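**Q** structure for this input, please:
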Amino acid sequence: MARIVVLGAGIGGMSAAYELRAALGADVEVMVIGEGDLFSFTPSNPWVAVGWRTPAEVQLAVPAPLARRGIAFEPAGAERVEPAQNRVVLRDGRQVDYDYLVIATGPRLAFDEVPGLGPEGGFTQSVCTTAHAAGAWEAYQRFLQNPGPVVVGAAAGASCFGPAYEFAMILDRDLRKRKLRDKVPMTYVTPEPYIGHMGLGGVGDSKGLMESELRQRHINWIVNARITGVRDGEMEVAEMDEDGKPKKAHVLPFRYSMVLPAFTGVDAVRQVEGLGNPRGFVLIDRHQRNPTYRNVFSLGVCVAIPPVEQTPVPTGAPKTGFMIESMVTAIAHNIQAELKGEPATAEATWNAICLADMGDTGAAFVALPQIPPRNVTWARVGKWVHVAKIAFEKYFMMKMKSGNTEPVYEKYVLKLLGILRVR
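**A** Purely as a prediction, here's the structure:
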(Lines give C-alpha, C1' and ligand atoms only; values in the text may rest on other atoms or scores of the structure.)
Protein backbone atom coordinates (compact mmCIF):
# COMPACT_ATOMS: atom_id res chain seq x y z
CA MET A 1 0.00 0.00 0.00
CA ALA A 2 1.39 3.41 -1.00
CA ARG A 3 1.87 5.91 1.81
CA ILE A 4 1.43 9.64 1.30
CA VAL A 5 2.72 11.89 4.07
CA VAL A 6 1.46 15.45 4.37
CA LEU A 7 3.88 17.63 6.32
CA GLY A 8 1.87 20.38 8.00
CA ALA A 9 -1.59 20.59 9.59
CA GLY A 10 -2.56 24.12 8.62
CA ILE A 11 -5.05 25.29 6.01
CA GLY A 12 -3.04 23.79 3.14
CA GLY A 13 -2.02 20.56 4.86
CA MET A 14 -5.45 19.69 6.22
CA SER A 15 -7.13 20.51 2.92
CA ALA A 16 -4.56 18.37 1.10
CA ALA A 17 -5.10 15.41 3.41
CA TYR A 18 -8.88 15.49 2.99
CA GLU A 19 -8.69 15.91 -0.79
CA LEU A 20 -6.08 13.17 -1.18
CA ARG A 21 -8.21 10.77 0.84
CA ALA A 22 -11.29 11.58 -1.29
CA ALA A 23 -9.37 11.20 -4.56
CA LEU A 24 -7.38 8.07 -3.75
CA GLY A 25 -9.74 5.98 -1.64
CA ALA A 26 -8.92 3.48 1.06
CA ASP A 27 -6.20 1.65 -0.87
CA VAL A 28 -3.70 4.42 -0.12
CA GLU A 29 -2.44 5.38 3.35
CA VAL A 30 -2.55 9.11 4.14
CA MET A 31 -0.74 10.52 7.16
CA VAL A 32 -0.47 14.11 8.44
CA ILE A 33 2.52 15.27 10.50
CA GLY A 34 1.74 18.37 12.55
CA GLU A 35 3.38 20.55 15.19
CA GLY A 36 1.04 19.58 18.02
CA ASP A 37 -2.52 18.47 17.49
CA LEU A 38 -4.28 21.81 16.86
CA PHE A 39 -5.44 23.33 13.59
CA SER A 40 -5.63 27.14 13.64
CA PHE A 41 -7.66 29.27 11.26
CA THR A 42 -4.93 31.90 10.90
CA PRO A 43 -7.04 34.51 9.03
CA SER A 44 -8.89 35.09 12.32
CA ASN A 45 -5.74 35.90 14.30
CA PRO A 46 -6.16 39.71 14.04
CA TRP A 47 -9.50 39.29 15.82
CA VAL A 48 -7.85 37.18 18.53
CA ALA A 49 -5.27 39.93 19.09
CA VAL A 50 -7.96 42.46 20.10
CA GLY A 51 -10.11 40.01 22.04
CA TRP A 52 -12.85 39.63 19.42
CA ARG A 53 -12.15 35.89 19.32
CA THR A 54 -10.64 33.47 21.79
CA PRO A 55 -8.02 30.96 20.64
CA ALA A 56 -10.51 28.15 21.29
CA GLU A 57 -12.92 29.69 18.78
CA VAL A 58 -10.39 29.58 15.92
CA GLN A 59 -8.66 26.29 16.76
CA LEU A 60 -9.61 22.66 16.38
CA ALA A 61 -8.07 19.41 17.67
CA VAL A 62 -7.43 17.48 14.45
CA PRO A 63 -6.84 13.82 15.44
CA ALA A 64 -10.56 12.95 15.69
CA PRO A 65 -11.78 14.52 12.41
CA LEU A 66 -8.80 13.09 10.54
CA ALA A 67 -9.42 9.65 12.03
CA ARG A 68 -13.04 9.75 10.87
CA ARG A 69 -11.69 10.07 7.32
CA GLY A 70 -9.16 7.27 7.80
CA ILE A 71 -6.20 9.64 7.94
CA ALA A 72 -3.38 8.94 10.40
CA PHE A 73 -1.97 11.80 12.45
CA GLU A 74 1.41 12.34 14.08
CA PRO A 75 1.78 15.41 16.34
CA ALA A 76 5.51 15.15 17.08
CA GLY A 77 6.60 17.53 14.32
CA ALA A 78 9.39 17.11 11.80
CA GLU A 79 13.06 17.49 12.70
CA ARG A 80 14.21 17.11 9.10
CA VAL A 81 13.20 15.78 5.72
CA GLU A 82 15.50 13.24 4.06
CA PRO A 83 14.13 13.03 0.51
CA ALA A 84 16.98 10.88 -0.80
CA GLN A 85 15.87 8.20 1.67
CA ASN A 86 12.12 8.92 1.26
CA ARG A 87 11.63 9.60 4.94
CA VAL A 88 10.85 12.26 7.54
CA VAL A 89 12.69 12.24 10.85
CA LEU A 90 10.44 13.33 13.70
CA ARG A 91 11.51 15.50 16.62
CA ASP A 92 11.50 12.50 18.95
CA GLY A 93 13.89 10.58 16.66
CA ARG A 94 11.34 8.25 15.05
CA GLN A 95 11.28 7.95 11.27
CA VAL A 96 8.32 7.98 8.89
CA ASP A 97 8.85 6.51 5.44
CA TYR A 98 6.78 7.66 2.49
CA ASP A 99 6.13 6.99 -1.18
CA TYR A 100 4.99 10.58 -1.74
CA LEU A 101 5.58 13.62 0.43
CA VAL A 102 3.42 16.76 0.34
CA ILE A 103 5.13 19.69 2.06
CA ALA A 104 2.61 22.19 3.43
CA THR A 105 4.48 23.51 6.45
CA GLY A 106 3.84 27.20 6.07
CA PRO A 107 6.80 29.50 6.78
CA ARG A 108 9.49 30.05 9.34
CA LEU A 109 8.98 33.51 10.84
CA ALA A 110 12.25 35.40 10.33
CA PHE A 111 12.04 37.81 13.27
CA ASP A 112 15.79 37.33 13.72
CA GLU A 113 16.48 39.37 10.56
CA VAL A 114 15.64 42.61 12.42
CA PRO A 115 17.16 43.25 15.87
CA GLY A 116 14.46 43.55 18.51
CA LEU A 117 11.63 42.34 16.28
CA GLY A 118 9.06 39.81 17.44
CA PRO A 119 7.27 38.66 20.57
CA GLU A 120 9.93 36.19 21.71
CA GLY A 121 12.85 38.21 23.01
CA GLY A 122 11.81 41.31 21.06
CA PHE A 123 9.52 44.28 21.54
CA THR A 124 6.80 43.86 18.90
CA GLN A 125 3.73 41.66 18.69
CA SER A 126 2.66 39.28 15.90
CA VAL A 127 -0.55 37.78 14.49
CA CYS A 128 1.23 35.12 12.42
CA THR A 129 0.19 32.31 14.77
CA THR A 130 -2.74 31.99 17.14
CA ALA A 131 -0.33 31.72 20.07
CA HIS A 132 1.28 34.98 18.99
CA ALA A 133 -2.14 36.60 18.61
CA ALA A 134 -3.09 35.47 22.14
CA GLY A 135 0.10 37.07 23.42
CA ALA A 136 -0.71 40.22 21.45
CA TRP A 137 -4.10 40.35 23.21
CA GLU A 138 -2.42 40.13 26.61
CA ALA A 139 -0.07 42.97 25.66
CA TYR A 140 -3.00 44.99 24.29
CA GLN A 141 -4.89 44.72 27.57
CA ARG A 142 -1.86 46.18 29.36
CA PHE A 143 -1.61 48.90 26.71
CA LEU A 144 -5.23 49.92 27.28
CA GLN A 145 -4.34 50.89 30.85
CA ASN A 146 -1.84 53.46 29.53
CA PRO A 147 -2.49 54.09 25.80
CA GLY A 148 -0.08 55.92 23.53
CA PRO A 149 1.53 55.71 20.07
CA VAL A 150 1.05 52.54 17.99
CA VAL A 151 3.14 51.26 15.07
CA VAL A 152 1.77 48.53 12.80
CA GLY A 153 3.30 47.15 9.64
CA ALA A 154 5.68 44.71 8.01
CA ALA A 155 9.41 44.14 7.77
CA ALA A 156 11.46 44.17 4.59
CA GLY A 157 10.96 40.97 2.61
CA ALA A 158 7.45 40.38 3.96
CA SER A 159 5.02 38.79 1.54
CA CYS A 160 1.74 38.74 3.45
CA PHE A 161 0.49 42.29 3.94
CA GLY A 162 -3.24 41.69 4.34
CA PRO A 163 -3.07 40.86 8.09
CA ALA A 164 -1.06 44.03 8.75
CA TYR A 165 -3.67 46.24 7.06
CA GLU A 166 -6.42 44.30 8.78
CA PHE A 167 -4.88 44.63 12.21
CA ALA A 168 -4.26 48.38 11.87
CA MET A 169 -7.90 49.01 10.99
CA ILE A 170 -9.36 46.48 13.43
CA LEU A 171 -7.27 48.11 16.16
CA ASP A 172 -8.57 51.52 15.10
CA ARG A 173 -12.15 50.24 15.31
CA ASP A 174 -11.62 48.66 18.72
CA LEU A 175 -10.05 51.82 20.14
CA ARG A 176 -12.94 53.93 18.83
CA LYS A 177 -15.41 51.58 20.49
CA ARG A 178 -13.50 52.04 23.74
CA LYS A 179 -13.42 55.88 23.30
CA LEU A 180 -9.62 55.77 23.39
CA ARG A 181 -8.74 56.45 19.76
CA ASP A 182 -7.96 60.13 20.45
CA LYS A 183 -5.13 59.05 22.76
CA VAL A 184 -3.42 56.79 20.19
CA PRO A 185 -1.41 58.21 17.26
CA MET A 186 -1.01 55.40 14.70
CA THR A 187 1.61 54.83 11.99
CA TYR A 188 1.63 52.12 9.35
CA VAL A 189 5.15 51.10 8.25
CA THR A 190 5.65 48.95 5.15
CA PRO A 191 8.28 47.96 2.58
CA GLU A 192 5.63 48.33 -0.14
CA PRO A 193 6.41 51.10 -2.66
CA TYR A 194 2.92 52.49 -2.11
CA ILE A 195 -0.10 51.80 0.06
CA GLY A 196 -2.21 49.02 -1.47
CA HIS A 197 0.66 47.36 -3.34
CA MET A 198 0.34 44.22 -1.14
CA GLY A 199 3.11 42.38 -2.94
CA LEU A 200 0.85 42.18 -6.01
CA GLY A 201 1.76 45.39 -7.78
CA GLY A 202 -1.64 46.70 -6.71
CA VAL A 203 -5.06 45.33 -7.58
CA GLY A 204 -7.39 47.66 -9.43
CA ASP A 205 -7.49 50.96 -7.55
CA SER A 206 -6.17 49.38 -4.35
CA LYS A 207 -3.74 52.29 -3.91
CA GLY A 208 -6.48 54.90 -3.83
CA LEU A 209 -8.89 52.73 -1.86
CA MET A 210 -6.44 51.81 0.87
CA GLU A 211 -4.96 55.30 1.16
CA SER A 212 -8.48 56.63 1.59
CA GLU A 213 -9.24 54.07 4.30
CA LEU A 214 -6.08 54.96 6.23
CA ARG A 215 -6.79 58.69 5.93
CA GLN A 216 -10.34 58.27 7.21
CA ARG A 217 -8.91 56.49 10.24
CA HIS A 218 -6.14 59.07 10.83
CA ILE A 219 -3.44 56.44 10.31
CA ASN A 220 -0.18 57.90 9.01
CA TRP A 221 2.10 55.76 6.84
CA ILE A 222 5.68 55.32 5.69
CA VAL A 223 6.26 53.33 2.49
CA ASN A 224 9.55 52.04 1.03
CA ALA A 225 10.39 51.47 4.69
CA ARG A 226 13.05 49.17 6.08
CA ILE A 227 12.83 48.56 9.82
CA THR A 228 16.46 48.47 10.96
CA GLY A 229 16.03 47.91 14.68
CA VAL A 230 13.57 47.92 17.54
CA ARG A 231 14.14 48.90 21.16
CA ASP A 232 11.70 48.97 24.03
CA GLY A 233 9.34 51.76 22.98
CA GLU A 234 11.24 52.88 19.86
CA MET A 235 11.51 51.68 16.26
CA GLU A 236 14.21 52.76 13.82
CA VAL A 237 12.99 52.97 10.23
CA ALA A 238 14.99 53.83 7.12
CA GLU A 239 12.77 55.28 4.38
CA MET A 240 14.22 54.58 0.92
CA ASP A 241 13.86 56.45 -2.35
CA GLU A 242 12.79 54.90 -5.66
CA ASP A 243 16.33 53.60 -6.24
CA GLY A 244 16.45 51.84 -2.88
CA LYS A 245 18.84 54.41 -1.36
CA PRO A 246 18.32 55.99 2.07
CA LYS A 247 16.00 58.98 1.89
CA LYS A 248 15.03 59.71 5.49
CA ALA A 249 15.60 58.18 8.91
CA HIS A 250 12.70 57.86 11.36
CA VAL A 251 12.65 57.03 15.04
CA LEU A 252 9.08 56.09 15.91
CA PRO A 253 8.01 55.94 19.55
CA PHE A 254 5.43 53.31 20.47
CA ARG A 255 3.66 51.78 23.41
CA TYR A 256 2.28 48.98 21.29
CA SER A 257 3.48 47.56 17.99
CA MET A 258 2.54 44.66 15.72
CA VAL A 259 4.90 43.93 12.82
CA LEU A 260 4.78 41.03 10.37
CA PRO A 261 8.22 39.52 9.65
CA ALA A 262 9.72 38.24 6.44
CA PHE A 263 9.36 34.50 5.86
CA THR A 264 11.81 31.71 5.07
CA GLY A 265 11.37 27.99 4.65
CA VAL A 266 11.14 25.97 7.87
CA ASP A 267 14.23 24.37 9.37
CA ALA A 268 13.12 20.82 8.55
CA VAL A 269 13.35 21.47 4.81
CA ARG A 270 15.51 24.57 4.26
CA GLN A 271 18.83 22.72 4.70
CA VAL A 272 18.12 20.03 2.08
CA GLU A 273 20.14 20.60 -1.09
CA GLY A 274 17.99 20.62 -4.20
CA LEU A 275 14.75 20.96 -2.29
CA GLY A 276 14.55 24.73 -1.85
CA ASN A 277 15.88 28.11 -2.94
CA PRO A 278 18.38 30.17 -0.88
CA ARG A 279 15.55 31.34 1.39
CA GLY A 280 14.45 27.76 2.01
CA PHE A 281 11.21 27.87 0.00
CA VAL A 282 10.44 24.62 -1.79
CA LEU A 283 11.15 24.64 -5.52
CA ILE A 284 8.29 23.30 -7.64
CA ASP A 285 7.46 22.85 -11.31
CA ARG A 286 4.12 23.72 -12.87
CA HIS A 287 2.66 20.48 -11.45
CA GLN A 288 3.63 21.41 -7.84
CA ARG A 289 6.43 18.80 -7.92
CA ASN A 290 10.02 19.33 -6.84
CA PRO A 291 12.38 19.13 -9.85
CA THR A 292 15.04 17.16 -7.94
CA TYR A 293 12.91 14.84 -5.83
CA ARG A 294 10.05 13.84 -8.12
CA ASN A 295 7.92 12.24 -5.42
CA VAL A 296 7.90 15.43 -3.34
CA PHE A 297 5.12 17.96 -3.90
CA SER A 298 4.54 21.25 -2.13
CA LEU A 299 1.90 23.93 -1.73
CA GLY A 300 1.07 27.12 0.10
CA VAL A 301 3.28 29.70 1.75
CA CYS A 302 6.32 27.39 1.79
CA VAL A 303 6.67 27.18 -2.01
CA ALA A 304 9.08 29.36 -3.98
CA ILE A 305 7.30 32.04 -6.02
CA PRO A 306 9.27 34.99 -7.42
CA PRO A 307 8.18 38.54 -6.52
CA VAL A 308 5.56 40.02 -8.82
CA GLU A 309 7.93 42.92 -9.49
CA GLN A 310 11.16 44.38 -8.17
CA THR A 311 10.61 47.01 -5.49
CA PRO A 312 13.05 49.47 -3.83
CA VAL A 313 12.69 47.55 -0.56
CA PRO A 314 12.19 43.80 -1.04
CA THR A 315 8.63 42.49 -0.97
CA GLY A 316 7.44 38.94 -1.62
CA ALA A 317 4.43 37.56 -3.45
CA PRO A 318 1.52 36.47 -1.24
CA LYS A 319 -0.02 33.01 -1.41
CA THR A 320 -3.72 33.52 -0.86
CA GLY A 321 -6.28 30.91 0.17
CA PHE A 322 -7.70 30.55 -3.32
CA MET A 323 -4.24 29.88 -4.73
CA ILE A 324 -3.52 27.33 -1.98
CA GLU A 325 -6.82 25.56 -2.63
CA SER A 326 -5.95 25.33 -6.32
CA MET A 327 -2.52 23.89 -5.49
CA VAL A 328 -4.16 21.25 -3.27
CA THR A 329 -6.44 20.10 -6.08
CA ALA A 330 -3.58 19.94 -8.59
CA ILE A 331 -1.46 17.81 -6.23
CA ALA A 332 -4.31 15.39 -5.52
CA HIS A 333 -4.93 14.91 -9.25
CA ASN A 334 -1.22 14.51 -10.04
CA ILE A 335 -0.51 11.94 -7.33
CA GLN A 336 -3.63 10.05 -8.38
CA ALA A 337 -2.35 10.03 -11.97
CA GLU A 338 1.13 8.83 -10.96
CA LEU A 339 -0.29 5.99 -8.88
CA LYS A 340 -2.13 4.88 -12.02
CA GLY A 341 1.11 5.02 -14.02
CA GLU A 342 -0.03 8.12 -15.89
CA PRO A 343 1.85 11.42 -16.24
CA ALA A 344 1.08 14.35 -13.96
CA THR A 345 -0.72 17.04 -15.96
CA ALA A 346 -2.79 19.11 -13.51
CA GLU A 347 -1.71 22.70 -12.90
CA ALA A 348 -2.84 25.16 -10.25
CA THR A 349 -4.43 28.45 -11.21
CA TRP A 350 -2.37 31.16 -9.58
CA ASN A 351 -5.16 33.59 -8.86
CA ALA A 352 -5.43 35.97 -5.91
CA ILE A 353 -8.72 36.52 -4.10
CA CYS A 354 -8.62 38.24 -0.72
CA LEU A 355 -11.27 39.34 1.77
CA ALA A 356 -9.65 41.80 4.20
CA ASP A 357 -11.59 42.77 7.32
CA MET A 358 -11.41 46.36 8.58
CA GLY A 359 -13.33 46.02 11.82
CA ASP A 360 -16.70 47.33 10.67
CA THR A 361 -16.18 47.22 6.92
CA GLY A 362 -13.71 45.47 4.62
CA ALA A 363 -11.97 45.30 1.26
CA ALA A 364 -12.17 42.60 -1.41
CA PHE A 365 -9.42 42.16 -4.00
CA VAL A 366 -9.48 39.94 -7.09
CA ALA A 367 -6.43 39.45 -9.34
CA LEU A 368 -6.85 36.80 -12.06
CA PRO A 369 -4.09 35.76 -12.55
CA GLN A 370 -1.97 37.03 -9.69
CA ILE A 371 0.92 38.09 -11.93
CA PRO A 372 0.09 40.91 -14.42
CA PRO A 373 -1.16 41.30 -17.11
CA ARG A 374 -4.50 40.11 -15.74
CA ASN A 375 -7.83 39.03 -17.11
CA VAL A 376 -9.60 40.41 -14.04
CA THR A 377 -8.43 43.11 -11.64
CA TRP A 378 -11.03 44.28 -9.15
CA ALA A 379 -11.14 45.95 -5.75
CA ARG A 380 -14.08 47.11 -3.64
CA VAL A 381 -14.68 48.34 -0.08
CA GLY A 382 -17.92 47.70 1.80
CA LYS A 383 -19.54 46.42 4.97
CA TRP A 384 -20.51 43.26 3.08
CA VAL A 385 -16.85 42.16 3.16
CA HIS A 386 -16.82 42.24 6.97
CA VAL A 387 -19.96 40.09 7.05
CA ALA A 388 -18.62 37.78 4.33
CA LYS A 389 -15.37 37.15 6.19
CA ILE A 390 -17.19 36.21 9.39
CA ALA A 391 -19.34 33.78 7.41
CA PHE A 392 -16.25 32.40 5.65
CA GLU A 393 -14.56 31.74 9.00
CA LYS A 394 -17.53 29.72 10.22
CA TYR A 395 -17.79 27.81 6.94
CA PHE A 396 -14.11 26.90 6.88
CA MET A 397 -14.08 25.69 10.49
CA MET A 398 -17.08 23.49 9.67
CA LYS A 399 -15.15 22.10 6.69
CA MET A 400 -12.18 21.19 8.90
CA LYS A 401 -14.41 19.54 11.52
CA SER A 402 -16.34 17.49 8.99
CA GLY A 403 -13.57 16.65 6.54
CA ASN A 404 -15.53 18.28 3.72
CA THR A 405 -13.45 18.26 0.51
CA GLU A 406 -15.49 20.85 -1.38
CA PRO A 407 -13.32 23.78 -2.58
CA VAL A 408 -14.33 26.58 -0.21
CA TYR A 409 -13.23 29.45 -2.41
CA GLU A 410 -14.92 27.99 -5.46
CA LYS A 411 -18.15 27.23 -3.61
CA TYR A 412 -18.35 30.27 -1.37
CA VAL A 413 -16.16 33.18 -2.47
CA LEU A 414 -16.50 32.82 -6.24
CA LYS A 415 -20.27 32.52 -5.95
CA LEU A 416 -20.29 35.65 -3.83
CA LEU A 417 -18.19 37.50 -6.36
CA GLY A 418 -20.41 36.19 -9.15
CA ILE A 419 -23.41 37.73 -7.42
CA LEU A 420 -21.46 41.00 -7.36
CA ARG A 421 -20.79 40.54 -11.11
CA VAL A 422 -17.03 40.69 -10.92
CA ARG A 423 -15.59 40.82 -14.43
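**Q** and the end-to-end length of stretch 57-75?
**A** The distance separating the two terminal residues of stretch 57-75, taken as C-alpha to C-alpha, to the nearest Å, comes to 21 Å.
**Q** with stretch 38-46 instead?
**A** Across stretch 38-46, first to last residue, C-alpha to C-alpha, it's 18 Å.
**Q** pLDDT on that stretch, on average?
**A** The predicted model gives stretch 38-46 an average pLDDT of 97.
**Q** and stretch 8-15, by the same measure?
**A** Stretch 8-15 shows an average pLDDT of 96 in the prediction.
**Q** gap between that stretch and the chain center?
**A** Relative to the centre of its chain, stretch 8-15 is centred 12 Å away, using C-alpha atoms, centre = their mean, to the nearest Å.
**Q** nearest residue to D360 other than its sequence neighbours?
**A** R173 (5.4 Å; C-beta to C-beta, 6 or more residues apart in numbering). Quick note: C-beta positions are derived from backbone N, CA and C, even for glycine.
**Q** cool, and R178?
**A** The shortest distance from R178 to any residue other than its chain neighbours is 7.0 Å, reached at L144 (C-beta to C-beta, 6+ apart).
**Q** that neighbour: what secondary structure?
**A** Going by DSSP: H, G, I helix; E, B strand; the rest coil, the secondary structure assigned to L144 is helix.
**Q** number of residues surrounding it?
**A** Here the neighbour count serves as a burial measure; for L144 (other C-beta atoms under 10 Å) it reads 16.
**Q** W137 versus that one, what's the distance?
**A** Counting by C-beta to C-beta, to the nearest Å, the gap from L144 to W137 is 11 Å.
**Q** again, but for G196
**A** Using C-beta to C-beta, G196 is found at 28 Å from W137.
**Q** if we can go back for a sec, pLDDT score for the residue nearest to R178?
**A** In the predicted model, L144 carries a pLDDT score of 98.
**Q** domains of this protein?
**A** 3-109+264-348, 111-263 (automatic domain parsing).
**Q** the residue nearest to D360: helix or strand, and which one exactly?
**A** Secondary-structure element containing R173, defined by DSSP states H and E: helix 162-177.
**Q** for that helix, list every residue counted as buried.
**A** Burial within helix 162-177, assessed by neighbour count using 16 or more other C-beta atoms under 10 Å, is assigned to 162-175.
**Q** that one packs against which elements?
**A** Packing contacts for helix 162-177, counted by 3 or more C-beta pairs under 8 Å, 6 or more residues apart in numbering; DSSP states H and E, involve helix 45-49, strand 150-154, strand 186-189, helix 206-216, strand 219-222, strand 256-260, strand 352-357.
**Q** mind checking how far it is from the chain centre?
**A** On the basis of C-alpha atoms, centre = their mean, helix 162-177 sits 18 Å off its chain's mean C-alpha point.
**Q** of the domains of the chain, which is nearest G362?
**A** Among those, the nearest to G362 by C-beta to C-beta is domain 111-263 (8.5 Å).
**Q** look at the closest one and report the distance between its end residues.
**A** Taking C-alpha to C-alpha as the measure, domain 111-263 stretches 9 Å from start to finish.
**Q** what of stretch 88-105?
**A** From the first residue to the last, stretch 88-105 extends over 13 Å; the measure is C-alpha to C-alpha.
**Q** quick one: mean pLDDT for it?
**A** Computed over stretch 88-105, the average pLDDT equals 98.
**Q** show me what counts as buried in that stretch.
**A** V88, V89, L90, V96, Y98, D99, Y100, L101, V102, I103, A104, T105.
**Q** which one of the residues you listed is nearest to D205?
**A** Within those, proximity to D205 (C-beta to C-beta) peaks at A104, which comes in at 33.7 Å.
**Q** check contacts around that closest one.
**A** With contacts defined as C-beta atoms under 8 Å, 6 or more residues apart in numbering, A104 is in contact with V6, L7, G8, G10, G12, G13, A16, S298, L299, G300, C302.
**Q** could you do T187 as well?
**A** Contacts for T187 (C-beta under 8 Å, 6+ apart) come out as P149, V150, V151, V152, G153, I219, N220, W221, I222, L252.
**Q** one step back: taking the contacts of A104 together, which two end up most distant?
**A** Maximum pairwise distance in the contacts of A104, criterion C-beta to C-beta, is 13.1 Å, between G10 and S298.
**Q** ok, these two, which is more surrounded?
**A** Regarding G10 and S298, a neighbour count based on other C-beta under 10 Å identifies S298 as having more, with 28 against 22.
**Q** tell me what the more buried one is bridged to.
**A** I103 (DSSP bridges).
**Q** what residue ranges in the protein are flagged as low confidence?
**A** For the chain, the stretches with pLDDT under 70 are 410-412, 414, 416-417, 419-423.
**Q** hey, where'd the helices end up in it?
**A** Assignment of helices within the chain using DSSP state H yields the ranges 11-24, 45-49, 55-58, 63-68, 130-145, 162-177, 206-216, 267-270, 321-339, 383-402, 408, 414-419.
**Q** which strands and helices sit next to the second one?
**A** Helices and strands touching helix 45-49, by 3+ C-beta pairs under 8 Å, 6+ apart, are helix 55-58, helix 130-145, helix 162-177.
**Q** apply 7 Å and report the result again.
**A** helix 130-145, helix 162-177 (3 or more C-beta pairs under 7 Å, 6 or more residues apart in numbering; DSSP states H and E).
**Q** how far does the first one sit from the chain's center?
**A** I take that to be helix 130-145. Helix 130-145 has its average C-alpha position 20 Å from the chain's average C-alpha position, going by C-alpha atoms, centre = their mean.
**Q** quick one: buried residues of that helix?
**A** T130, A131, H132, A133, A134, G135, A136, W137, A139, Y140, F143, L144.
**Q** now do stretch 293-309
**A** By 16+ other C-beta under 10 Å, the buried positions in stretch 293-309 come out as 293, 295-305, 307-308.
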